[in-house]
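Chemist: Would you be able to build a 3D model of this:
(one chain, ligands or ions: 1)
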Amino acid sequence: MNVQQLEETAQALVAEDKGLLAMDESNPTCNKRFAQLGIPQTVEARRAYRELIVTTPRLGECIGGAILYDETIRQQKSDGTPFIKVLIEAGIIPGIKVDQGAKSLAGFPGEKVTEGLDGLRDRLAEYSRLGARFAKWRAVITISEGVPSRGCIAANAQALARYAALCQQAGLVPVVEPEVLMDGDHTLDRCFEVTEEVLREVFFQLYSQRVALEGMILKPNMVVLGLSCLHQESVDEVADATVKCLLRTVPAAVPAIAFLSGGQSAELASARLNAMNLRFTSRLPWALAFSFARAIQQPALELWKGHEANVPAAKQALFHRARCNQAARRGEYSAAMETR
Ligand code: 13P
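Modeler: The predicted structure is shown next:
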């Protein structure tokens, strides 16, 4: 295992205050988002949408890496240029989602475990040949009455660590994503408590599986109130709780933390990331970056609606969100950026 090379890739992904663009929605998830906007759920529509994303001008100024999906990594622009080549030429490192989804955890009603370890070594070798230099695996943890259980947290953390070890052996930087879901009416304290427990277990398992922390990226949730709570916490409350939780649990050897957006609005995700960087940068051992899917893509998708004529406006919206999040890494984002 070449740790130095992994370390260099991890650093490059977040260099110059860039972040990651998650464009790795599985076909069912992508189809669901298309259906909500009346976009046809076809291979060609998904390809056209991903072409829109990878050909967005200047995207490489703000995005250091793009996470693709098995279908997408094999696709091309309409002129035949592979997406991988387009990304590399734009200065964006290609990555790949390698988990095979969260499935019901036997014996634990309402809880899930992410599958995909079987055959992973061979799939990683293939993705590496195709040009991927990093990979992603997402575990989902639900909060509700008596949930999450220790068994669910341990099973997911161990799978994340086994995946991360296999990635590093294949020369790919693992993006380790333990997502505590926002669904529910839980308090901020409860989200803090669960996120802390999950991250402690994840880093224990990463250590047990001999994962080099210098050559990975953590992709956690922010510490937020449950989605169905009636009041909303302030931006600073989220920033304070999230940073406090991460300082307690994430070793300083990890080069970067790149948040998922998890269903927050695009503006809130930027504002919260900004507040963390603005208030705490001098105290943080790791870069605080982003690896958003919805919080970068959603406004663009809503403008595109599957129509060729809307492509330029959608590209502009995508670049705008990427730029806002780069500004948030610098603590330079403000609501004024939204009134273009
Ligand atoms: P969201 O930013 O939409 O939560 O997606 C991030 C992601 O990659 C989920 O696995």
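Chemist: who does the residue of the stretch 101-250 of the chain found nearest the ligand bridge with?
Modeler: Using CB to the nearest ligand atom, the closest approach of the stretch 101-250 of the chain to the ligand is made by residue 138 at 4.1 Å. The C-beta positions use only the backbone N, C-alpha and C, and glycine is treated the same way. Applying DSSP bridges to residue 138 gives these bridge partners: residue 177.
Chemist: Report how many residues lie close to it.
Modeler: Applying other CB atoms under 10 Å, we find 21 residues neighbouring residue 138.
Chemist: what sits against it?
Modeler: 97, 99, 102, 114, 177, 179, 219, 260 (CB atoms under 8 Å, 6 or more residues apart in numbering).
Chemist: So which residues of the stretch 1-150 of the chain form strands?
Modeler: Ranges of strands in the stretch 1-150 of the chain, per DSSP state E, counting those that start in this stretch, are 19-22, 63-68, 93-97, 102-104, 112-114, 134-141.
Chemist: among the contacts of residue 138, which are within reach of the ligand?
Modeler: With CB under 6 Å from any ligand atom as the criterion, the contacts of residue 138 include 177, 260 near the ligand.
Chemist: between the contacts of residue 138, which is closest to residue 238?
Modeler: residue 260 (13.8 Å; CB to CB).
Chemist: Show the pLDDT at that closest one.
Modeler: pLDDT recorded at residue 260 is 98.
Chemist: Let me know how buried it is, in neighbour terms.
Modeler: 26.
Chemist: Assess the claim that it and residue 293 are in contact.
Modeler: Yes - look at residue 260 against residue 293 with CB atoms under 8 Å: they come within range, at 7.5 Å.
Chemist: Quick one, grab the pLDDT at the residue of the stretch 101-250 of the chain closest to the ligand.
Modeler: Residue 138 carries a pLDDT value of 98.
Chemist: Next, work out how far apart it and residue 85 are.
Modeler: 26 Å (CB to CB, to the nearest Å).
Chemist: With residue 68 instead?
Modeler: Distance, residue 68 to residue 85, by CB to CB: 13 Å.
Chemist: Looking at those two, which one has more neighbours?
Modeler: A count of neighbours by other CB under 10 Å puts residue 68 above the other of residue 68 and residue 85, at 28 against 14.
Chemist: Is it correct that the more buried one is in contact with residue 93?
Modeler: No - counting by CB under 8 Å, residue 68 stays clear of residue 93, with 10.9 Å between them.
Chemist: Just list the residues touching residue 172, thanks.
Modeler: 95, 124, 127-128, 132-135.
Chemist: cool, residue 330 as well?
Modeler: 17, 277 are the contacts of residue 330 under CB under 8 Å, 6+ apart.
Chemist: neighbours around residue 185, how many?
Modeler: Residue 185: 13 neighbours (other CB under 10 Å).
Chemist: Per-residue pLDDT of it, please?
Modeler: Residue 185 is assigned a predicted lDDT (pLDDT) of 96.
Chemist: Quick check: which element contains it?
Modeler: Using DSSP states H and E, residue 185 falls within no helix or strand.
Chemist: Ok, residue 166 next?
Modeler: For residue 166, the host element (DSSP H and E) is helix 150-169.
Chemist: packing partners for that helix?
Modeler: Helices and strands touching helix 150-169, as assessed by 3 or more CB pairs under 8 Å, 6 or more residues apart in numbering; DSSP states H and E, comprise strand 112-114, helix 120-130, strand 134-141, strand 173-180, helix 188-208.
Chemist: Can you tell me which of those is packed in deepest?
Modeler: Highest mean neighbour count of the helices and strands packed on helix 150-169: strand 173-180, a mean of 27 (counted as mean count of other CB atoms under 10 Å).
Chemist: Quick check: mean pLDDT of stretch 146-163?
Modeler: Averaged across stretch 146-163, pLDDT comes to 98.
Chemist: and residue 262, which of the three is it?
Modeler: What DSSP: H, G, I helix; E, B strand; the rest coil gives for residue 262 is coil.
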